[in-house]
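S.K.: Build me a model from this:
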Amino acid sequence: MKPLSRAALLGAGSAIALVGMPLVADFVEAAERADAADVATLNAAIALELAAIKAYQDALGTGLLTPGVAAIAARFTSDHAAHRDALAAAVTAAGYKPSEATAWLTYPPLNSQSDILRFAMTVERKAASTYLSVVPDLKDRRLAGLAASILGVETTHVSTLATALGVPGYESGFVA
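M.R.: Below is the predicted model of the structure:
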């Protein structure tokens, strides 16, 4: 792996702090060669990560979560922030501006912890399905592999939420 440029390292600073140098370095190095279509895909993923962060922050702000569930929600917020930061570092390394847009999510009524957990599971399923769908679209195979690693985290989130609710994460046995 070649050394990262100073600009790439500065742009990746918070992502490195959250997820570590090897993952972010791979993302940034691959992104330095990314074409506009790959960057557009990465920016769409950033918008989805921003939506997930907002959803968890909103859930935490309701006061409806037990301390244990609130700790999980905070951890998932950190995971999504790490994804956002790694994706933003990659977009910056490619010479583009990272998206500041937040994907639109339709919130159901959130009147209980169960309502919040069901909504969070919907958000995580959407994230997992989205990453699954973009992996083959990314022309740079290292970017595809790194997006697949985020997919694994999203499916872990689904599984954790499903366990908390006592329901299957994916009734069909498949992510999509």
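
S.K.: separation between residue 58 and residue 107?
M.R.: From residue 58 over to residue 107 the distance is 8 Å, taken as Cβ to Cβ, to the nearest Å. C-beta coordinates here come from the backbone N, C-alpha and C atoms, glycine included.

S.K.: my bad, should have said residue 174
M.R.: To residue 107, residue 174 is 26 Å away according to Cβ to Cβ.

S.K.: Show me which of these two is the more surrounded one.
M.R.: The neighbour comparison of residue 174 against residue 107 (other Cβ atoms under 10 Å) goes to residue 107, with 13 against 8.

S.K.: Tell me the secondary structure at the more buried one.
M.R.: State at residue 107, reduced to three classes by DSSP: H, G, I helix; E, B strand; the rest coil: coil.

S.K.: thinking it is in contact with residue 119, fair?
M.R.: Yes. Using Cβ atoms under 8 Å as the test, residue 107 is close enough to residue 119 to be in contact (6.7 Å).

S.K.: what touches both of the two?
M.R.: Each of residue 55 lies in contact with both residue 107 and residue 119 under the rule Cβ atoms under 8 Å, 6 or more residues apart in numbering.
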